[in-house]
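Enquirer: Let's see this in three dimensions:
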Amino acid sequence: MRIASSSWDPWGTPASAVSHDSGQPQRLGAYTLLHKLGEGGQGEVHFGTAPDGRQVAIKVLHERFRGRTVERDTFMGEVAAAQRVPPFSTARIIDVGVEGDTAYIVSEYVEGRSLDRLVREEGPLGSDALVRLAIATSAALNAIHSAEIVHRDFKPANVLIGSDGPRVIDFGIAKALDRVTMTSGGVKGTPAFMSPEQVSGLPVGPQSDIFSWASTMFYGATGQLAFNGVTAFQVFQAVVHHQPDLHALPPSLREPMAACLNKDPQGRPTAAQLMLAIAR
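Expert: Sure, this is the predicted structure:
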């Protein structure tokens, strides 16, 4: 099974390599949209500029707020909370707005490939690169969780490998959309990187991100999915019941990864504990 949502590489293509889609609006709020970078389940991502000339990534969401003032305000509040996340290995959220019925989120632009694309194009990471990635992304999760945000969609496509190191993107957006969408029921996310509680439709907390982090690091180390199957149901069954073989991982990561992949959320480390375990 291919990784869902990996057919596009959010924010990961240099602007000069993307042709402009003349059917898209050229301005949204105070921002100029120059190039469409890609599209996923939540919306389209554009490369653009802020009023002060800064390069930014503008995510134009599919969800529309036609006359739904309460839902719009709820969405704005949820994304505003994500702006509190310290910029430790994350792409900082700069602004959020709704123009007409179109919602958009403006973030720091990171030029680089996603982990998903990097592994597909060049193969698994070496041991040193993987350990550096593990430390940086666990630090990012610690910053996100310290702001009382749960990512809910941590996966290789949401980890960008920038020139100054890895950056985690799209944190907090899944919850913001769940709070306002008219079709919030059912299981959402990328099956192979979801936690057992997610695939079971149970409430999720920071521990869910820890499980997804481990599945993502496994992919970075091996180029394979930790939990695979021909159908989504088979992937869900693997997430709940299968224990992946961690021998391909660097020795320093095996024990922390095993703890992160505990099927019981209470048995997983916090992001802060994970950082310390990797750095020993």
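Enquirer: what kind of secondary structure is the closest residue to Ala192 other than its chain neighbours in?
Expert: The spatially closest residue to Ala192, leaving aside those adjacent along the chain, is Leu225, at 4.6 Å (Cβ to Cβ, 6 or more residues apart in numbering). Heads up, the C-betas are built off the backbone N, CA and C, glycines and all. Judged by DSSP: H, G, I helix; E, B strand; the rest coil, the three-state class of Leu225 is coil.
Enquirer: Do me a favour and get the backbone dihedrals for Leu225.
Expert: The phi/psi pair for Leu225 (degrees, to the nearest 10) reads phi -80, psi 140.
Enquirer: count of residues packed around it?
Expert: If you count neighbours by other Cβ atoms under 10 Å, Leu225 ends up with 20.
Enquirer: and if you look at Arg132?
Expert: 15.
Enquirer: and it, what is it in contact with?
Expert: Counting by Cβ atoms under 8 Å, 6 or more residues apart in numbering, Arg132 makes contact with Gly165, Pro166.
Enquirer: That one falls within a helix, correct?
Expert: Yes. Arg132: assigned to a helix according to three-state DSSP.
Enquirer: and the gap between it and Pro250?
Expert: Distance, Arg132 to Pro250, using Cβ to Cβ, to the nearest Å: 11 Å.
Enquirer: thinking again about what came up before, in terms of pLDDT, where does the residue nearest to Ala192 sit?
Expert: The confidence metric pLDDT takes the value 97 at Leu225.
Enquirer: Please shift the residue numbers so they start at 6 in all later answers.
Expert: Got it, the first residue is 6 from now on, which makes the last one we talked about Leu230.
Enquirer: my guess is it meets Pro196, correct?
Expert: No. Look at Leu230 against Pro196 with Cβ atoms under 8 Å: they stay out of range, at 9.4 Å.
Enquirer: Run through the helices of the stretch 156-285 of the chain in chain order.
Expert: Shown for the stretch 156-285 of the chain, the helices assigned by DSSP state H, counting those that start in this stretch span residues 178-185, 201-204, 211-227, 237-246, 256-265, 276-284.
Enquirer: in stretch 80-89, what counts as buried?
Expert: For stretch 80-89, the neighbour count (16 or more other Cβ atoms under 10 Å) marks Phe80, Met81, Glu83, Val84, Ala86, Ala87, Gln88 as buried.
Enquirer: Am I right that the second one sits in a strand?
Expert: Spelled out, that is Met81. No. In this structure, Met81 is helix, not part of a strand, as judged by three-state DSSP.
Enquirer: Contacts only, for the closest residue to it other than its chain neighbours.
Expert: Distance criterion Cβ to Cβ, 6+ apart; nearest residue to Met81, sequence neighbours excluded, is Val101 at 5.9 Å. Counting by Cβ under 8 Å, 6+ apart, Val101 makes contact with Met81, Val84, Ala85, Gln88, Ala108, Tyr109, Ile110, Val111.
Enquirer: What is the nearest of those to Leu130?
Expert: Relative to Leu130, the closest of the contacts of Val101 is Ile110; by Cβ to Cβ it sits at 28.8 Å.
Enquirer: Burial check on that closest one, number of neighbours?
Expert: 25.
Enquirer: Please apply the same query to the one 10 residues further on.
Expert: The burial count assigned to Leu120 is 24, neighbours taken as other Cβ under 10 Å.
Enquirer: That one and Val164 touch, don't they?
Expert: Yes. Counting by Cβ under 8 Å, Leu120 does reach Val164; the two are 4.2 Å apart.
Enquirer: anything in contact with each of those two?
Expert: Shared contacts of Leu120 and Val164, counting by Cβ under 8 Å, 6+ apart, come down to Leu138, Pro171, Thr221.
Enquirer: Any idea which of those the model trusts least?
Expert: Ranked by pLDDT, these bottom out at Pro171, which has 94.
Enquirer: pLDDT weak spots in the stretch 156-285 of the chain?
Expert: Applying pLDDT under 70 to the stretch 156-285 of the chain flags the ranges 179-194.
Enquirer: Mind doing that once more with 50?
Expert: 187-192 (pLDDT under 50).
Enquirer: quick revisit: most neighbours among the shared contacts of Leu120 and Val164, which one is it?
Expert: Counting neighbours by other Cβ under 10 Å, the top entry in the shared contacts of Leu120 and Val164 is Thr221, with 27 neighbours.
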